[in-house]
Each structure stands twice: as C-alpha cells, then as structure tokens.
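**Q** Next come a sequence and a model predicted from it.
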Amino acid sequence: MFRVSALILAVVIAVTALWWLSRDILPPSTVRFAAGIEDGGYWRIATKYRNILAKDGIDLKLIATAGSTENARLMAEGEADAALLQGGIAAGDGIETLGAVFTEPLLIFARPTAGVDVPNNPAQWSGLRIAAGAEGSGTRAAARAFLHAADLSDNANTLLPLGGTDAAKALTSGDADVALFVAPLSAPYLAPVLADDEATLLQLDHLVALSRRMPQSILVDVPSGAFALNPPLPPRERQLLGLVARIVAQPELHPAIVDRLVEAARQVHKPGDVITPEGRFPSMDNTSLPQDTYARDLIADGPSRLTAFLPYWVVAQISRFAILLLPIVFLLLPFLRTLPGLYKWSVRNRVFRHYARIREIDEAASDTDDPEQLRALESELADLDREIASLKLPLPYRGYAYDARLHIDLLRKRVARRVE
C-alpha cells in the first residue's frame, strides 16, 4: 500500500513537472523594451542588450520615451514588457526587478552668467533658471526630489522643461544657470557642456545630509579625469549623489527572456566603469522593488551548468520549475514522513476496531447467567473470529489478527465454561 501511494505521488509530480516544462516552453521572438530618449544614455545601453539578444533570435524592440517616468507608465499599463528605470522612480503594482545594472550620478553643472552666482549649498539657490529635465523624464523626478531634499519651495527657482541635449544647449548658451543630468558619464549630450570652459561640475555641500533626505540615492566618488584625461575633467575628485538604474519586467515575462536579459546585463555591466568596480553589477542591491526569483538566483549563482548541454530556454524552464517545486517539497516532506505511520495505523485499525465489541461481549458474559444469552454471545464470538480470519493483511501485520483471534478464543472458552 505504501509503495502504491509513493508511486502515485511520483506520477503526480512527474506529470506536474512535464506540464510546467511544456507550458510556453519556447520564448517569444519579440520583446518590447522601454528605452528612454532616443540616442540617449539609456537608449545606447538598451541597444547593446538588443544586439546580445539578437544572437539568440530575440528581437528587442526599443520604445523611445521621454525617460524613466514614461517608462514606468508604459510598464504599469502593460505597453512594455521590460524597461530601464532610474532609481527612485516608482513602478506599477506587480512590476519586478531583474537587477540593478549601473549607477547614474546626479550631475549638476553651473555656468555663471552676469550677476548670477550658484552657491554650492543648494538650500541657498534662489531665482535660478534650472534645466531640470522634460516632463515625464527621470531627470525631472530626480530634480524635484533633490530640490525637496534641499528644502526649496517650488517657486524659489524656475524649472525649465529641458533635458539631455536641450538642457546642455540651454546651459552653454546662457539660457539656463544650472543644468541637472541623471546620466551615465558616457552620455553623448554631455560633450558640449564638458567642452565649455565656463561650465563647472558643482561639488555640493552637505552631501551626506542630502543623500539621507533622498532615500533612493547613494554617494558616488567620481575620480579626476573621469570624463577626459587631457585636460583632466573633472580636475579633482568629486563626490556626488547617485541613483541606481534597474531593469524591470512584467511578472509574467517568459523565464527564457529573463535569462537572456540578465545575461546581457552581465556582459554589458560586469566590467564596470570609472565609477564602478568590476563585478559590482548586475546586483539585487538598491533595487527597492519586488525581485524576480529566477533573476535573483541567476545573479547570485551564475548560469546553470546545464547550459553546456541544453539550450538556454530549456534550462530556464527547468530552473523555473525547480524554484516552484522546492517550497512544495519542503511542505510535503513532513507529510511523506507520516505516510508509513498512517499506513501502519490503517492496517492495525482493521483488526483493532473489533476490540470494542469483544470488550462488550466480555462484560455482557460476566453480567449474565442466562444460558441462551451466553450461547448467543459465544456465537457472535465465532462470527468475529471468522471475520478477522478473512482479513487480507500484509505479512508483517498478520500478527495483529492472530493476537485478536487468540483473545477471542480465550473468551469463547470462558463463555463455554459459564454455559456448562
């Protein structure tokens, strides 16, 4: 009986495994990826992802947006399957992260104009024209969070809806006093700002206090020469606020696509850059979003050894099934341990359930001297003996039946003596 139960359980687990593994086993050929401003920093990184995924026949269709805020909106509305999202930008309900991938410093450039000086303490900014990113961009969201952390009211300065190339042009032309960028150091639109001798990368005062007022931010050390070495830009090391960019995805994204995106992130970001040591990314630190379980394991443990023998999409399904099965196994283990005891109890109970009646007959025989009643009890004992003898019990448990029949025989003899 126990072997039969174990066999049935094994068959159920095998069928469940086959169902999960066969369910949408092939990944989709097209994935929609919200990639920010066309030709911007995010776009260039997403282009690298696209080229890597193309090697596996996956078309990563890049969606141009105004920035991270619009990326988050597309994800929340289900119009994108995955996206790059700036640190501190909230995603929709259920959206998961596939990992943090790089650090973006909050670059604040100032260019003195006639009669305007930009203090290093942002709490003293007043009447400045600040290029703070286009509406819907991650830069605009970060700028608002930064100004709020500096205790500045909304009308203390003028926020210009300019970001990227437009913000750089406004600063170099004198149409803006300050320009905020949340971007990789390699962002192409920074080139004209860096080439302008009058533009300065601000070293803000009270950075630790500001970072603690912006929970989504971290402190970043930018070494001298990070932008260029001849002449060195910046000329001295700067400590800046930074935000950690993440890859986010829909919770139902195919595990094979998750596998390929994490692998693309590993190839692109693991080498590091001038502000990030090698191996720092991808990571699940500073993600502030629900984590995709499969992506988390890929980042922590690396690719499965099965990839040497099986296609990546088969390995992804096996890994997903293993992740789902482990909690079930842990829940089933205590139950499986009780199965032998339950089986033993069920077999014994087939015999022991008769003992209640045997006891009643024993008590009835002790309380009467009526020969007819004693003969009826003796006959009932004979019936019980035949019924127990007919039980088909496994060999290890037949002793229970023999013991019961022995007890019945002793009781029958005592009743017979009472009759005589």
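**A** Received the coordinates, thanks. Numbers count the residues shown, from 1 in each chain.
**Q** Next, count neighbours for Gly164.
**A** 27 (other C-beta atoms under 10 Å). Heads up, the C-betas are built off the backbone N, CA and C, glycines and all.
**Q** Now do the contacts for it.
**A** Contact partners of Gly164, counting by C-beta atoms under 8 Å, 6 or more residues apart in numbering, are Ile37, Gly40, Ala134, Thr139, Phe181, Ala183, Ala187, Tyr189.
**Q** which one is it nearest to, not counting chain neighbours?
**A** Leaving aside its sequence neighbours, Gly164 sits nearest to Tyr189 (C-beta to C-beta, 6 or more residues apart in numbering; 4.7 Å).
**Q** got it, and Gly87?
**A** Leu243 (3.4 Å).
**Q** ok, Glu378 - contacts?
**A** Shown in contact with Glu378 (C-beta under 8 Å, 6+ apart): Arg412, Val415, Ala416, Val419.
**Q** Could you pick out the buried ones from those residues?
**A** Burial by neighbour count, 16 or more other C-beta atoms under 10 Å: within the contacts of Glu378 this picks out Arg412, Val415.
**Q** Dump the contacts of Glu378 to a markdown table, plus distance to Arg44.
**A** Shown next, in a markdown table, are the contacts of Glu378 (distance: C-beta to C-beta, whole Å):
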| residue | distance to Arg44 |
| --- | --- |
| Arg412 | 96 |
| Val415 | 98 |
| Ala416 | 102 |
| Val419 | 105 |
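**Q** All the strands of the stretch 1-150 of the chain, residue numbers only.
**A** 30-34, 59-63, 82-85, 96-110, 129-131 (DSSP state E, counting those that start in this stretch).
**Q** what's the closest of those strands to Val274?
**A** Proximity to Val274 (C-beta to C-beta) singles out strand 96-110 among those, at 10.5 Å.
**Q** so which pair among the contacts of Gly164 is furthest apart in space?
**A** Ala134 and Ala187 (14.8 Å).
**Q** Arrange the strands of the stretch 1-150 of the chain in CSV, one row each, with mean pLDDT and mean neighbour count as further columns.
**A** Shown next, in CSV, are these (pLDDT from 0 to 100; neighbours: other C-beta atoms under 10 Å):
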stretch, mean pLDDT, mean neighbour count
strand 30-34, 96, 20
strand 59-63, 96, 17
strand 82-85, 96, 27
strand 96-110, 94, 24
strand 129-131, 95, 25
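**Q** Which stretch among those strands approaches Ala401 most closely?
**A** Among the strands of the stretch 1-150 of the chain, strand 96-110 comes nearest to Ala401, with 59.4 Å by C-beta to C-beta.
**Q** Among the strands of the stretch 1-150 of the chain, which comes closest to Asp205?
**A** strand 96-110 (12.0 Å).
**Q** name the helices or strands packed onto that closest one?
**A** Contact here means 3 or more C-beta pairs under 8 Å, 6 or more residues apart in numbering; DSSP states H and E; on that basis strand 96-110 packs against helix 41-54, strand 178-182, strand 200-201, strand 217-222, strand 238-249, helix 255-269, helix 293-301.
**Q** How about residues contacting the third one?
**A** Read that as strand 200-201. Contacts of strand 200-201 (C-beta under 8 Å, 6+ apart): Leu107, Ile108, Phe109, Ala110, Arg111, Pro112, Pro234, Arg238.
**Q** for that strand, the distance to its chain's centre please.
**A** In this view, strand 200-201 has its centroid 39 Å away from the chain centroid, taken as C-alpha atoms, centre = their mean, to the nearest Å.
**Q** Let me know the helix or strand that Ala404 is in.
**A** helix 398-419 (DSSP states H and E).
**Q** average pLDDT across that helix?
**A** Per-residue pLDDT over helix 398-419 has a mean of 85.
**Q** So which bits of that helix are buried?
**A** Counting neighbours by 16+ other C-beta under 10 Å, the buried set in helix 398-419 is Tyr400, Ala401, Ala404, Arg405, His407, Ile408, Leu411, Arg412, Val415, Arg418.
**Q** now stretch 236-255
**A** 238, 240-250, 253-255.
**Q** Nearest to Leu261, out of the residues you listed: which one, please.
**A** Looking across these and measuring by C-beta to C-beta, the closest to Leu261 is Ile247, at 6.0 Å.
**Q** Just confirm that closest one contacts Arg266, I think it does.
**A** No - look at Ile247 against Arg266 with C-beta atoms under 8 Å: they stay out of range, at 11.3 Å.
**Q** between these two, what contacts are shared?
**A** Residues touching both Ile247 and Arg266 (C-beta under 8 Å, 6+ apart) are Pro282.
**Q** how about Gly163, what does it touch?
**A** Contacts of Gly163 (C-beta under 8 Å, 6+ apart): Ile37, Gly67, Ala131, Ala132, Gly133, Ala134, Ser137, Thr139, Arg140, Phe181.
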